[in-house]
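K.L.:
from the sequence below, what's the structure:
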Amino acid sequence: MTVLIADDAAYIRKNLITYFKSMAETKILEATNGTQALELFEKENPSLIFLDIVMPEKSGIATTKEIRTKNTEVPIIAMSTLEEGELVDKMMDAGASVLLKKPFTEERLKLVIMNQLKL
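P.N.:
Numbers count the residues shown, from 1 in each chain. Have a look, this model is predicted:
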């Protein structure tokens, strides 16, 4: 499995990377903004994507829209400190699969991943 993690907050990326390192045969791709995320998406074709909604250079909303023009199936897990509001609505309308509210517990993370990958 290949996982793309895009968030400008290093501690969020670190938490997710730590979680996925415990899983066998998982390739982890890391981006700090939407532009990097799109480059990695096009090059690596990940099977699961984590995108922060608010990032420099290109937002998670714009990144999701571009990914969805190329792949409508890959699960995109939107991440935000917000649970609702205009940005969350725009992200979901752009094609995000689910919202993972930050900060999140390992239990919540595991549940979201299992639901998205249908495990």
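K.L.:
how about the contacts made by Thr26?
P.N.:
Counting by CB atoms under 8 Å, 6 or more residues apart in numbering, Thr26 touches Met1, Thr2, Val3, Phe20. C-beta: built from backbone N, CA, C; applies to glycine.
K.L.:
no wait, Leu16
P.N.:
Per CB under 8 Å, 6+ apart, neighbours of Leu16: Val3, Ile5, Asp7, Phe50, Leu109.
K.L.:
so what's the residue in the chain sticking out farthest from the centre scoring on pLDDT?
P.N.:
Here the chain reaches farthest from its C-alpha mean at Ala24, the gap being 19.6 Å by CA atoms, centre = their mean. pLDDT, Ala24: 78.
K.L.:
how about Met55?
P.N.:
Met55 carries a pLDDT value of 93.
K.L.:
next one: Glu83
P.N.:
Here the pLDDT value assigned to Glu83 is 75.
K.L.:
same question for Leu119.
P.N.:
So Leu119 comes in at 67 (pLDDT).
K.L.:
and for Leu4?
P.N.:
Leu4 carries a pLDDT score of 98 in this model.
K.L.:
got the buried residues for the strand or helix carrying it?
P.N.:
Using DSSP states H and E, Leu4 falls within strand 2-6. Within strand 2-6, the residues that count as buried by 16 or more other CB atoms under 10 Å are Val3, Leu4, Ile5, Ala6.
K.L.:
let me know the secondary structure of the nearest residue to Ala94 once chain neighbours are set aside.
P.N.:
Once flanking residues are discounted, Ala94 sits nearest to Thr64: 4.1 Å by CB to CB, 6 or more residues apart in numbering. Recorded secondary structure, Thr64: helix (DSSP: H, G, I helix; E, B strand; the rest coil).
K.L.:
next, count neighbours for Thr64.
P.N.:
Other residues near Thr64 come to 24 when the count uses other CB atoms under 10 Å.
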